[in-house]
Each structure stands twice: as C-alpha cells, then as structure tokens.
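Peer 1: test case, fold it:
(2 chains)
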Amino acid sequence: MNELQTILSDSIAKLLGDHVNKDVIQRAEEGQWPAELWEALVQNGMTRILVPEAQEGAGANWEDAHVVLKAAGEHSTPAPLAEAILAGFILGRAGIAMPEGVVTVMEGDFKLESGRLSGVAKAVPWGRNATHAVTVVESGWGVETVLAPLQYARIDKDQNVAREPRDTLTFDHVVVDTAWAGLPGNAVKLYGALTRSIQMAGALDYLTRASVQYANERTQFGKPIGKFQAIQQQLAVLSTQSAAVGIAAAHAAARADKVSSGDAAAFEIAVAKVRADDASSAATSIAHQVHGAIGFTYEHGLHFATRRLWSWRAEFGSGADWADWLGRETITRGADKLWPYVTGR
Amino acid sequence: MQTFRFDLCELPEETKGLRQEVRDFLAVELKHIPAVTRAQTWSGSDPEFSRKMGAKGWIGMRWPKQYGGHERSAFDRYVVLEEMLAAGAPVGAHWIGDRQSGPLLLNFGTEEQRQLILPKVARGECYFCIGMSEPDSGSDLAATRTKAEKVDGGYRVNGTKLWTSGAHHAHYMIALFRTSPDKHAGLTQFLVDLKNTDGITIRPIKDLAGNAHFNEVVFQDAFVPDSMLVGSEGSGWAQVGAELAFERSGPERYLSSFLLMVEMIRELQKRGGAEGAREIGRLVAHLVTLRQMSLSVAGMLDKGENPALEASVVKDLGAVFEQDMPVKAHELLGIAPTVGAGSDLEQVLGYLTQTVPSFSLRGGTREILRGIIARGLGLR
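Peer 2: Residues are numbered from 1 along each chain as shown, chains lettered A, B, ... in the order given. Take a look at the predicted model:
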C-alpha cells in the first residue's frame, strides 16, 4: 500500500467501525436511511474518491478506491457507498460534475432523444433513496453518460436477499445531463462487476475472520471447536478462497488503472467476478457450517455478510454470465493463444 | 490472527525479452514431442534437454556465479519456469536440484559441497532426489527411522526411503536420517552419492499408470563420509522446513494439467458453437488468479521474504485446480481417455486422469497443507 492507501485504509476502517454496527444494518434493512453514516462518508470525501480533483473529488484511482470498497464489503456497509464511488468515476470520465445528494448507478433499456431519457432500469441500488442515477447509453451520437434526476422517475420498490434496496425506475422523457462517456457502452456493468468483486473480497475476509474467531471461542467436547481437524481443514479452505478473491479483485483494479479504455480491463474484471462468485458459494457454506445454529439466527450478524455475497455474486453480471464471455473469447482466440494472452497482459 | 498476505506483483518489463527467447527455444526443441509426453512436464526426464537448458543459463539462475549460477532475479527464473511448464518441456531431470537441493546447499552446505556439486547442477548434468518419506514416515516426517550411526570418518546408514521420485536417474539424494532418538533434534540431512556408495539398492515402483517414476531406496550399512553432512548434526528438521518452502512455491503447483486445458479448448474450437464456454471461462478465471498468487510468492522470494505459508495456499488451491481438469474434460467433452493410441486429447486425458491423484500427495498432502494454513490462522 502507498501512503494515500494507508491513510484511506485507516480512515475508512475507523469511520465504518464508528458508524456501522448491527443496529444500523438492521434498521437499514427495515427501510431506515442511515443518515449519520451517509453524512460521515460524504464529509470524509469517501463518496467522491474517484471524482477528479478539478471537480472537488479526491482524484484517486481504482487501486486506491479498492481499499475503501474492500472495507465497505467487510463491514456490510448498509449504504450506497460503492454505487456513489462508481457513479463518481463514470461522471468524472464524462466531465459531468457530481451533484450533491445521493447518486447511484443504473443499467437499463433506455432511449435518449434530444436530452430526454425514457426507459426502465431494474434493480437500481438504493433507487428510492437516491437523488440522481448515472447510466451509460449508446445512442446515435455514440456512447453517452447520462446523469438523471430522480424526482420525475417512477419508483417501484424491490430488494435483494441482503434487503438492500434494488428498485425499478421508470423514466418517461425525463430531461437529463449528458456528455460523451469516454467509456464502453457496458461501463456500468463492467465497472459494477469490478466494484462488487472488491466488496466481495472484503466480505469474504470478514467471513474468514469471524469464523476463525468463533471456532476459537465456541467450546464443545471440552475444547474450542477450532481444535478439531475437521473444522481446521474447513477454515483453511475458507481462507484460501478469500485470499484468491482478494488478489483477483486487486489485479482487476490495478488493470483498470493501467488501461484507459474499459474494454481493455474486461478480461481481468471478468476473472475477478467469476472467481468471487465461485468462492462465495464455498465460503458462505463453510462459514455457516462452522457457526452452527447460532449463525442461522437473525440475532447473530454472520448473515449480513453471507446474504450480501449471495446477492452481489449475481449483480452486474453473475459468475456464469462473465464465465460465458471469458470462455467464448478464449475459445475464439484459440487453444495456442491462451498462454501468450494470459502472460502478455 | 496471523494471516497470509498476497501482494500484487507485476513482472518487470525486462523479462519480456527473456520470455520470447525461451519461447523461441521451445518452439524448436519441443516440435516433435507428442502432447501426451509434454503433459508430463516436470515429471518427464530428458538429460539431453536439461543439458541444453544448462547451456542456455536457465538452471541455477539465481545462484552466485562462483558456483556456476547466473545471478538473475527471481522474476527471470519465474518466467523460464512458467514457460517450460506451459509448453510441457521435459524438465524433470534437473528440476529438484534447481528448485530445492541447490538452494539448500547454498544455504547450509559446506564450501566443498557447493564447489563440487552446484556447477554441475547448473550445467544440467547432475540430478537430485529427495529422501524424506519412509514406509512408516509419510506426512509424519518426524517419525523418520532410517538411522545414521556415527562411525570413524562418517556415518553408517541403515533403513529405507520410499516414494523417492527420480532416484533411479539421480546422482545425489538429499536425505533426512536419524542421528539420535530425539524427535526433532535427532534429525540430520546428508548428501548421499547414489552412484558411488556401496550398500544402496534402488528399486523402481510402478505407479497405477504403469510408469516407474518413484522408488524404494534401501540402505544397508551404507557409508556416508563426514564431509557429506549438510548443515550441522541435529539441524535437519529446521533445514527441511526451509527446503519444503522452496518445494511448494513454484508454478508447477498449478500448471501440471495445463496441457489438458489447451487440448480441451482446441477440441471446443473444432466443434464450434457455444458449447463449453462457461466451463472454460471458469477455468480461465482460476488459472489467471492462481498465476497472480504464484507471482506474488515469487515477489516475496525476490525480496528475500519467507513465503512458506503463502506457498502452501497456492499449492492447495493449485492441486484442486489441476485435479479438476480431467473431471471437467470428462463432463464437458464426453470422450474416453486412452493409453498408447488415440488423439492428443484422448491420450493427455488418459495420462492425467490416472496421474492427478498424486498431485495432492506429492510435496505435502492436502491435509498437511491445510493444517499449516490453519496454524497460520491461529487455530493450532
């Protein structure tokens, strides 16, 4: 970690440690907006970390944002921090100033005509709480970034299994800000997959730490269950899965900084999302098995992380979706190109 | 909780030229070697090939020049290794000497041992095997029983080493013998000259695929001179720990089935359509991630850090990946594995289907590795 990343790591850990706890997450799940947490995130500049300095952002890169996003995942942060960071990145690329308020991202089937947006976006994170949503639309003019105010959108509430808001937004000729995107047409999905992969790496780290701690505390047959080889072997698997996702996500973030076009990082991002999806199935299963019945209660907080992993692995392209793409690309490129491709990037 | 750390590590730009040089070399050298032979990679032994690699300066790459080494970086060495493995080069003859026995002698050997042996290893002329396992001492290495009794001018050795890969080709064995009854402090490492010592019988053991790759090595009053002791008497346990970190740290721990992955893609390409894309995509995701983890370990080695724990993580994940490959090929392609005839794909599948069970046994079993990882997590 460089100096900025160390500072970010310390301050986000402290901030989330102070403002995120079981009560806050639970109240958010019941529909209460975590105003204090959000205010603290905004005050500390966390939501604008990828916004250029010229536009009152931190002007950081994905490797820096990685530190914040991983912590957000680790703490099961019940607010659209990841979405705001992503929105700031997309807006920054387009040179559109990021407005005050709560800015989320959306993917949808849109039509953009004379600066007016029509269409439907499903599963928009925190749509009901957001003041604006950012998307990328391919129109006759090329790929354009769209900043849409939400006061004229119809909002139908929905949620994922982590009970995070995932709302359907409908736009009917809503006047929006637009600019040339400087990103591929699938930028929301692509960088969304990067964002979720990093959050998943954080959540998996949490599962490892919580499960090891529980295994050292819970006593059965006269000793901590972590002393049993059957448990040790399971926790070893959990930790290796978590480590694999950690480096896959970090690798994708580094690649996103290295290349200017989003397409050029798609390979590493797909790898990270597929790897995170694969790992989360094994890891959530082991974490729950080690925690026993108590981990299956709402009272115990384990599920805040596991339900997020079950949700996030399917968002911005599931592992299956990205694996289809990776596989098609690999097969089309040809058997003898696999190794040169992997080592030449 | 002490955990392991995988920092991103990017290969320096200057390794690109070396990589191309290795590829050009392999394009010529491997041209007529069939896929099923290449699938053996570091289990396949070809002394002539090893000598050519030695002449290229690709063995003992990190060692000091005074011992025949080339003082190259850990990354240069890594690039050569991964190119050899991905292409299926028959690197088995010199592999152990280059990977662990040479570094062991550099760390703990006497000046005489280094000068006598290392230059020959670096030339690709001198091969090693590892005498650790015994009939009653597999994962439980401290149960080693083969005894080295002090006699005038050296030690008299009696006992049996088992599963010794490559002993029938090797010039030397780095052997762990018992010099006193003390569980750990009674263990000592020796350099055993397999070609010029009386009282050593090497019997190849056929594996389930019919290949004679590992051996039983019986010592009957074999004399090993004092000059062949490695390190000091009683320090064998600690030295073996350091040696195993080398043994587990390389890209061979995830690339052993790579040739099958290539043949699977070739077959799907031939068939056309979208068949198998999802499964191949998943394999690619695992391959790329394992390579990043493996590179991270190389980065730690380059900085002089000890990646023993991280190496165990990569080896455990890598073996699962390697072992999954023939399963995936079977599920995906519906072809029958063959031996001795059939297409490249069928034969590679035949070889690996039979061979992969050993991948989570050799160099530390899956259970031992996970035990090491659990200790790193603070559970033991």
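Peer 1: apart from its chain neighbours, what residue comes closest to residue 328?
Peer 2: All of this is about chain A. Spatial nearest neighbour of residue A:328, chain neighbours left out: residue B:277 (4.6 Å); criterion: Cβ to Cβ, 6 or more residues apart in numbering or on different chains. Every residue, glycine included, has its C-beta placed from N, CA and C.
Peer 1: oops, chain B please
Peer 2: Distances taken as Cβ to Cβ, 6+ apart put residue B:279 closest to residue B:328, at 5.7 Å, once the chain neighbours are dropped.
Peer 1: and the one you found, what is it in contact with?
Peer 2: Taking Cβ atoms under 8 Å, 6 or more residues apart in numbering or on different chains, we find residue B:279 in contact with A:323, A:327, B:328, B:331-332.
Peer 1: can you tell me the SS state at residue B:70?
Peer 2: coil (DSSP: H, G, I helix; E, B strand; the rest coil).
Peer 1: quick check: it vs residue A:208, distance?
Peer 2: 40 Å (Cβ to Cβ, to the nearest Å).
Peer 1: now the helices for chain B?
Peer 2: With DSSP state H as the criterion, chain B has helices at B:15-29, B:35-38, B:47-56, B:74-87, B:92-96, B:102-108, B:111-122, B:236-248, B:258-271, B:277-302, B:308-333, B:344-355, B:366-376.
Peer 1: single out the most deeply packed of these.
Peer 2: helix B:92-96 (a mean of 26; mean count of other Cβ atoms under 10 Å in any protein chain shown).
Peer 1: output the contacting helices and strands for the one helix or strand residue A:253 maps to.
Peer 2: Using DSSP states H and E, residue A:253 sits in helix A:229-258. When contacts are defined as 3 or more Cβ pairs under 8 Å, 6 or more residues apart in numbering or on different chains; DSSP states H and E, helix A:229-258 sits against helix A:62-74, helix A:187-217, helix A:266-291, helix B:277-302, helix B:308-333, helix B:366-376.
Peer 1: now do the fourth one against helix A:229-258, angle only.
Peer 2: Inter-element angle recorded for helix B:277-302 and helix A:229-258: 90 degrees (by axes from the mean of the first three to the mean of the last three Cα atoms, to 10 degrees).
Peer 1: endpoints of stretch B:347-361, how far apart?
Peer 2: Stretch B:347-361 has an end-to-end distance of 23 Å (Cα to Cα, to the nearest Å).
Peer 1: okay, now the domains of chain A?
Peer 2: Using automatic domain parsing, the domain ranges for chain A come out as A:3-180, A:187-343.
Peer 1: oh sorry, the question was meant for chain B
Peer 2: Domains of chain B are assigned by automatic domain parsing as B:15-127, B:130-235, B:240-376.
Peer 1: I'd like the ones you listed laid out as TSV, including mean pLDDT.
Peer 2: Formatted as TSV, the domains of chain B follow (pLDDT from 0 to 100):
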stretch	mean pLDDT
domain B:15-127	97
domain B:130-235	97
domain B:240-376	95
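Peer 1: so residue A:266 touches residue A:187, yeah?
Peer 2: No. Residue A:266 is beyond contact range of residue A:187, at 10.4 Å (criterion: Cβ atoms under 8 Å).
Peer 1: what is the burial count for residue A:122?
Peer 2: 16 (other Cβ atoms under 10 Å in any protein chain shown).
Peer 1: so it is in which element?
Peer 2: strand A:116-125.
Peer 1: quick one: average confidence on the helix or strand just after that strand?
Peer 2: Toward the C-terminus, strand A:116-125 is succeeded by strand A:132-139 as the next helix or strand (DSSP H and E). Throughout strand A:132-139, pLDDT has a mean value of 95.
Peer 1: let's see strand A:132-139 as CSV, backbone CA atoms only.
Peer 2: Extracted in CSV, the C-alpha atoms of strand A:132-139 (Å, rounded to 0.1, in the frame of the first residue of the first chain):
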residue,chain,number,x,y,z
HIS,A,132,-29.7,11.0,-9.1
ALA,A,133,-28.8,8.0,-11.1
VAL,A,134,-25.9,7.6,-13.6
THR,A,135,-26.0,5.4,-16.6
VAL,A,136,-24.3,4.9,-19.9
VAL,A,137,-26.4,4.8,-23.1
GLU,A,138,-25.5,4.1,-26.7
SER,A,139,-27.3,6.5,-28.9
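Peer 1: quick check: what element follows that strand along the chain?
Peer 2: With DSSP H and E, the next secondary element past strand A:132-139 is strand A:142-149.
Peer 1: just want the angle from that following strand to strand A:132-139.
Peer 2: Relative orientation of strand A:142-149 and strand A:132-139, computed by the same axes, to 10 degrees: 160 degrees.
Peer 1: pull up the pairing partners for strand A:142-149, direction included.
Peer 2: Applying DSSP bridges, strand A:142-149 is found paired with strand A:132-139 (antiparallel), strand A:177-180 (antiparallel).
Peer 1: now that strand, how far from the centre of its chain.
Peer 2: Centroid separation for strand A:142-149 versus its chain: 21 Å, with Cα atoms, centre = their mean, to the nearest Å.
Peer 1: contacts for that strand, please.
Peer 2: Taking Cβ under 8 Å, 6+ apart as the rule, strand A:142-149 contacts A:90-91, A:93-94, A:96, A:99, A:103, A:106, A:110, A:112, A:117, A:131-138, A:171, A:174-185, A:187.
Peer 1: quick one, which of the domains of chain A is nearest to residue B:369?
Peer 2: Of all these, the one in closest proximity to residue B:369, counting by Cβ to Cβ, is domain A:187-343 (7.7 Å).
Peer 1: what's the first-to-last distance across that closest one?
Peer 2: End residues of domain A:187-343 are separated by 25 Å (Cα to Cα).
Peer 1: and the one helix or strand residue A:331 maps to, what does it pack against?
Peer 2: Per DSSP H and E: residue A:331 is located in helix A:319-333. Counting contacts by 3+ Cβ pairs under 8 Å, 6+ apart, helix A:319-333 packs against helix A:266-291, helix A:338-343, helix B:258-271, helix B:277-302.
Peer 1: so which bits of that helix are buried?
Peer 2: The neighbour-count check on helix A:319-333 (16 or more other Cβ atoms under 10 Å in any protein chain shown) flags A:319, A:321-331 as buried.
Peer 1: hmm, back to that, right, and the residue nearest to residue A:328 touches residue A:332 too?
Peer 2: No. Contact criterion Cβ under 8 Å: residue B:277 and residue A:332 do not qualify, at 9.2 Å.
Peer 1: pLDDT and distance to residue B:159 for the buried residues of helix A:319-333 - can I get that in CSV?
Peer 2: CSV is the format used below for those (pLDDT from 0 to 100; distance: Cβ to Cβ, whole Å):
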residue, pLDDT, distance to residue B:159
A:319, 98, 51
A:321, 98, 57
A:322, 98, 54
A:323, 98, 51
A:324, 98, 56
A:325, 98, 57
A:326, 98, 51
A:327, 98, 51
A:328, 97, 56
A:329, 97, 55
A:330, 97, 50
A:331, 97, 53
